[in-house]
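> Okay, predicted coordinates and the sequence, questions at the end:
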2 protein chains.
Amino acid sequence: MGDGMTNRIGHAGLAGRRMSAEDAAGLIQPGMTVGMSGFTGAGYPKLVPPALAKRIAAAHERGDEFGVRVLTGASTAPELDGELARAGGVAFRMPYQSDPDMRKCINGGESEYMDVHLSHVAPQVYAGNYGKMDMAVIEVTAILPDGGMVPSTAVGTNEAWLDVADKVIIEVNANQPMDLEGMHDIYFTSRPPPRDPIPLRHTGDRIGEPYLRCDLSKVVAVVECDLPDRMSSFTPADETSKRIAGHLIDFLHHEVKMGRLPENLLPIQSGVGNIANAVLAGLKEGGFSNLTAFTEVLQDGLLELVGGGTVTVASATALSLSPEGVKEFLDNIMLYRDKIILRPQAVSNHPELIRRLGCIAMNGLVEADIYGNVNSTHVAGSSVINGIGGSGDFTRNAYLSCFVTPSTAKNGDISCIVPMVSHVDHTEHDVSVVVTDQGLADLRGLSPKQRARAVISNCAHPSYRPMLEDYFDRACRTSKGKHTPHLLAEATSWHQRFLDTGSMKS
Amino acid sequence: MGDGMTNRIGHAGLAGRRMSAEDAAGLIQPGMTVGMSGFTGAGYPKLVPPALAKRIAAAHERGDEFGVRVLTGASTAPELDGELARAGGVAFRMPYQSDPDMRKCINGGESEYMDVHLSHVAPQVYAGNYGKMDMAVIEVTAILPDGGMVPSTAVGTNEAWLDVADKVIIEVNANQPMDLEGMHDIYFTSRPPPRDPIPLRHTGDRIGEPYLRCDLSKVVAVVECDLPDRMSSFTPADETSKRIAGHLIDFLHHEVKMGRLPENLLPIQSGVGNIANAVLAGLKEGGFSNLTAFTEVLQDGLLELVGGGTVTVASATALSLSPEGVKEFLDNIMLYRDKIILRPQAVSNHPELIRRLGCIAMNGLVEADIYGNVNSTHVAGSSVINGIGGSGDFTRNAYLSCFVTPSTAKNGDISCIVPMVSHVDHTEHDVSVVVTDQGLADLRGLSPKQRARAVISNCAHPSYRPMLEDYFDRACRTSKGKHTPHLLAEATSWHQRFLDTGSMKS
């Protein structure tokens, strides 16, 4: 993106606080709690975190301790999570992360990690759960003459970090297009009660102002930057994803036919990745139109639907595009900025709005069990992958909560349908529909045993189906309680076998 | 309660549809989905269900099949769940129930049961998850000349059942005092989108009208009744409950002192039972005042706080009082009806309101694990006790989510703190505080391992603490992932040992 640094710092006082990333990083002390911008590889600070990592590494070389507590909106990129993790500088991390090195630190026991619903992140900081925030490091597109700031490609928790942090470092990124101005809608919901109803009735309503603001006396450094977001590449949908999408689209058509959903559905929320993009493509191919999206992250698949007119308006907290997506976005930015609204994640993921609008939630999972409990975060109960993200915000409050997954993983060595999940992120009370490449199980209105039959016969891979049937049959016969029949001694034995032998197959 | 049937059926047309409970029950056919009133032993129909149970038993004696699908607000009483369960007439039951015979049918595999968040019950019926509702059987206090109905001691899902059911049977219960008129606030939130913001800003706001209404042409029977609610007796708090309450009250004082809660706290939600009553008593003894309660059920403990002025206003969906509580309520009904508001459970438990008001949720549990996951419903993963009730509605959206439990059950043979819960109703993402008679673990802002140390040292009973420490230490050393260290092969072995030997002790 980008158009150089001309006029990006319009406020004279703040222009006078320009300094190098190294000098700015020098203001961050060991033990500090640092709130950074960043949401799914978008809008994160790109210069100060690497400079901080160098400072930490140097301290470690001198034998000094140097760890910080890092709070973000969600996942960032190698320059932030990766560099800080490799420097061994993250004592505590919250919330969602997806960096391989950060994950290694967490699962290796070197970094403490807390996995929080994304709508809860800012409210929990306001409530004092993480102590005071010493420093915020926030990327913006520009600072206006009156001190208002044009957010960049993610809003995330920025409005809150700017509000609560003792001191603030701003990274002004000239690589972000000035035409982002006006796309954002900043509204505060996270401060403690009393609170008003959030006056949003439709996906496209604007209820705040397009700028971030803070007490400018807190700004201790302004760092100039000209670097692109991470921009993960977009991979076309594979056959498995297309089959999953097909089952879900058929189901949505059926729901419309039965009168349980309107023809243009209800606002859709879509998780990230290959399957999500296949589902979005399927909506268009399936003939749906006049859709809206009330979601968390806007990826290429959704951008295409907005561009093509299938989706009339999309609300999210971050733009997470591929290089091709960025080009398309920039080439037609005047079209997109009218149809896309970026909000704080406390608004984009707010239970009040998700429930009111009646979202259709579609999220991936790690594994589901036969009774409809879903694990979104852990391998074999112990190693975290990325975190729960916003899936709980949407799943718990949606009109329809769908989960999509291939029926197996690791070349068939893992069944994504198991007798009992090894970790629960979404309970039996919150899961409406489970979809795999094998088929779809509609769990609405079903008792646990009815759900088990549907999940095993519709969703499980044929190579695991007999094992699941065998487990369920024996559990039904011998379990003391027959409401949710289980054989506790072997309920998680598939995971143990995977740890021992590399495969869940017996 | 009660003042006879004089003037209780003010509408001439409906007065003409009076019939016996037996004749009314004759309108309910095999296979029907029947929505009944009732919430925690209050406001349930008292004559039609026993008559229906007789009809079912007679059919079974003739060799005919006769099962119905029973949907209520929450738990009822022996006349409803008990009689229908003993007749073997409940094919499907939803949501919360607490009757020993109904529980036996569910855990024996004779009745299918679905456990639903109480705020989701009516919305899921509107969404079509349970097919069409053939019949509603609703207790009211009186029918007014214009056909409006004065609700009785529970609103529950009544406004929804009257709206969606094909046909309606009304039980007019002269045992419910006419002075209940005006206490209720009926507002619709459950119908599908589009929906407006719920215009409630304070616990005491009234946003609807005090009467239930329906299309009167649907009313096929009016049955006269003069019977009291179940009225479970109130048992004074034991030492364990008092210790639990003491720890929680100390914590709340500390939070006020730290500036994290206002002096009059935030609206409190309190589960049912002995510990909850001890906590409420503790609030008064602890010197708190000007409190409000935004909760689900109003029991004796809360009535006392309202009567004494410690709680200025209480919002709930049901009055579930002891005989002494009923007497106190009736003796001072003009005082209480100004300070108590009964709402539909879709409003009393609505995530929008719980989040906005910032409730302090306090609920019981069956077991918690060292990482802060909570099981509210299942024994050893398989047998359901009562159901999740509203605990998920409040826990997931509260400002502070507290769980209270004795550290052991069954004379010490069960530890309520276990390595891994056998069923998850509230995930690690949603639990702020766990309190037992041993102490309190404040889990806010902590990683899983930090939580485990707090739960083991503060909450576990000394007779199980070394076993938990041993499990956690070995898991930390040998678990492949060190984010949530577990030994899957023995994670639920305590439950298996309990099933095998009657005790979790090794």
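Nice, I can see it. Numbering: from 1, shown residues only, chains lettered A, B, ... in the order given.

> can you pull the alpha-carbon coordinates of the helix or strand encompassing A:V347 into PDB?
Assessed by DSSP states H and E, A:V347 sits inside helix A:345-348. Extracted as PDB, the C-alpha positions of helix A:345-348 are listed here (Å, rounded to 0.1, in the frame of the first residue of the first chain):
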ATOM      1  CA  GLN A 345     -13.500  -6.100  18.400                       C
ATOM      2  CA  ALA A 346     -15.500  -5.400  21.600                       C
ATOM      3  CA  VAL A 347     -18.300  -4.200  19.200                       C
ATOM      4  CA  SER A 348     -17.700  -6.600  16.200                       C
END
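
> same for that helix, what does it pack against?
Where contact means 3 or more C-beta pairs under 8 Å, 6 or more residues apart in numbering or on different chains; DSSP states H and E, helix A:345-348 is packed against helix A:121-126. The way it works is simple: take the backbone N, C-alpha and C, and place the C-beta from them, glycine included.

> following the helix it packs on, which helix or strand shows up next?
Moving toward the C-terminus from helix A:121-126, the next helix or strand (DSSP H and E) is strand A:135-143.

> now for that next one, which elements pack on it?
Judged by 3+ C-beta pairs under 8 Å, 6+ apart, strand A:135-143 is in contact with strand A:33-36, strand A:149-151, helix A:158-164, strand A:167-173.

> Give me the phi and psi angles of A:M183.
Per-residue torsions, A:M183: phi -80, psi -20 (degrees, to the nearest 10).

> again with A:T436
According to degrees, to the nearest 10, the main-chain angles of A:T436 amount to phi -130, psi -180.

> give me every residue that touches it.
Counting by C-beta atoms under 8 Å, 6 or more residues apart in numbering or on different chains, A:T436 touches A:I244, A:H247, A:V404, A:T405, A:P406, A:S407, A:C416, A:I417, A:C459, A:A460, A:H461.

> count of neighbours near the closest residue to it other than its chain neighbours?
The shortest distance from A:T436 to any non-neighbouring residue, by C-beta to C-beta, 6 or more residues apart in numbering or on different chains, is to A:S407 (4.0 Å). When counting by other C-beta atoms under 10 Å in any protein chain shown, one arrives at 24 neighbours for A:S407.

> Next, work out how far apart A:S407 and chain B are.
Remark: distance between A:S407 and chain B (C-beta to the nearest C-beta, to the nearest Å) = 22 Å.

> same deal with A:I354?
According to C-beta to the nearest C-beta, A:I354 stands 9 Å off from chain B.

> next one: A:G88
Going from A:G88 to chain B by C-beta to the nearest C-beta gives 15 Å.

> Quick one: residues contacting the residue in the stretch 251-400 of chain A positioned nearest to chain B.
Minimum separation of the stretch 251-400 of chain A from chain B (C-beta to the nearest C-beta) falls at A:S383, amounting to 2.7 Å. A:S383 is in contact with A:N107, B:K480, B:G481, B:H483, counting by C-beta under 8 Å, 6+ apart.

> try 6 Å
Applying C-beta atoms under 6 Å, 6 or more residues apart in numbering or on different chains to A:S383 gives the contacts A:N107, B:G481.

> can you pull out the helices in the stretch 201-350 of chain A?
For the stretch 201-350 of chain A, the helices defined by DSSP state H, counting those that start in this stretch occupy A:239-257, A:274-285, A:300-308, A:323-331, A:333-339, A:345-348.

> Show the average pLDDT along stretch A:197-212.
Stretch A:197-212 carries an average pLDDT of 98.

> Go through stretch A:200-218 and flag the buried ones.
A:L200, A:R201, A:T203, A:G204, A:G208, A:P210, A:Y211, A:L212, A:C214 (16 or more other C-beta atoms under 10 Å in any protein chain shown).

> How about stretch A:146-165?
Within stretch A:146-165, the residues scored as buried using 16+ other C-beta under 10 Å are A:147-165.

> quick check, that stretch touching chain B?
No - counting by C-beta under 6 Å from any C-beta of the partner chain, no contacts exist between stretch A:146-165 and chain B, the nearest distance being 13.6 Å.

> still on that earlier bit, CA atoms only: put the helix or strand just after the helix holding A:V347 into PDB for me.
Following helix A:345-348 in sequence order, the next helix or strand is helix A:351-357 (DSSP H and E). The C-alpha trace of helix A:351-357 is given here as PDB (Å, rounded to 0.1, in the frame of the first residue of the first chain):
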ATOM      1  CA  PRO A 351     -22.900 -10.800  22.500                       C
ATOM      2  CA  GLU A 352     -25.600  -8.100  22.500                       C
ATOM      3  CA  LEU A 353     -25.200  -7.500  18.800                       C
ATOM      4  CA  ILE A 354     -24.700 -11.100  17.700                       C
ATOM      5  CA  ARG A 355     -27.800 -12.100  19.500                       C
ATOM      6  CA  ARG A 356     -29.900  -9.200  18.300                       C
ATOM      7  CA  LEU A 357     -28.800  -9.500  14.700                       C
END
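
> list the helices and strands helix A:351-357 packs on?
Helices and strands in packing contact with helix A:351-357 are listed as helix A:391-397, helix B:351-357; criterion 3 or more C-beta pairs under 6 Å, 6 or more residues apart in numbering or on different chains; DSSP states H and E.

> Tell me which of those is the most buried.
Of all the helices and strands packed on helix A:351-357, helix A:391-397 carries the top mean neighbour count, a mean of 28, counting by mean count of other C-beta atoms under 10 Å in any protein chain shown.

> Check which helices and strands that helix sits against.
With contacts taken as 3+ C-beta pairs under 6 Å, 6+ apart, helix A:391-397 sits against helix A:351-357, strand A:360-364.

> cutoff 10 Å now
Judged by 3 or more C-beta pairs under 10 Å, 6 or more residues apart in numbering or on different chains; DSSP states H and E, helix A:391-397 is in contact with strand A:268-270, helix A:345-348, helix A:351-357, strand A:360-364, strand A:374-375, strand A:400-404, helix B:351-357, helix B:391-397.

> continuing past the fifth one, what's the next helix or strand?
What it means is strand A:374-375. Per DSSP H and E, the first helix or strand lying C-terminal to strand A:374-375 is strand A:378-379.

> how far does that following strand sit from the chain's center?
Here strand A:378-379 shows a centroid-to-chain-centroid distance of 17 Å under the convention C-alpha atoms, centre = their mean, to the nearest Å.

> What mean pLDDT does whatever helix or strand comes next after that strand get?
Sequence-wise, the next helix or strand downstream of strand A:378-379 (DSSP H and E) is strand A:383-384. Model confidence over strand A:383-384, given as mean pLDDT, is 98.

> got the residues of the stretch 151-300 of chain A near chain B?
Neighbours of chain B within the stretch 151-300 of chain A, by C-beta under 10 Å from any C-beta of the partner chain: A:189, A:192-202, A:255, A:258-262, A:266-267.

> show me where the stretch 1-150 of chain A has helices.
With DSSP H, counting those that start in this stretch, the ranges of helices along the stretch 1-150 of chain A come out as A:12-15, A:21-25, A:48-61, A:83-86, A:100-107, A:121-126.

> Show me the one of those helices that comes nearest B:T395.
Among the helices of the stretch 1-150 of chain A, the nearest to B:T395 by C-beta to C-beta is helix A:121-126 (14.4 Å).

> Return the residues in contact with the residue positioned nearest the centre of chain A.
By C-alpha atoms, centre = their mean, chain A has its centre lying nearest to A:G389, at 4.2 Å. The contact partners of A:G389, by C-beta atoms under 10 Å, 6 or more residues apart in numbering or on different chains, come to A:39-40, A:74-75, A:95-96, A:98, A:115-118, A:271-272, A:296-297, A:345, A:349, A:363-364, A:376-377, A:425.

> now do A:F294
Listed by C-beta under 10 Å, 6+ apart, the contact set of A:F294 reads A:200, A:202-204, A:266-269, A:313-316, A:341, A:343, A:348-349, A:353-354, A:356-361, A:394, A:398.
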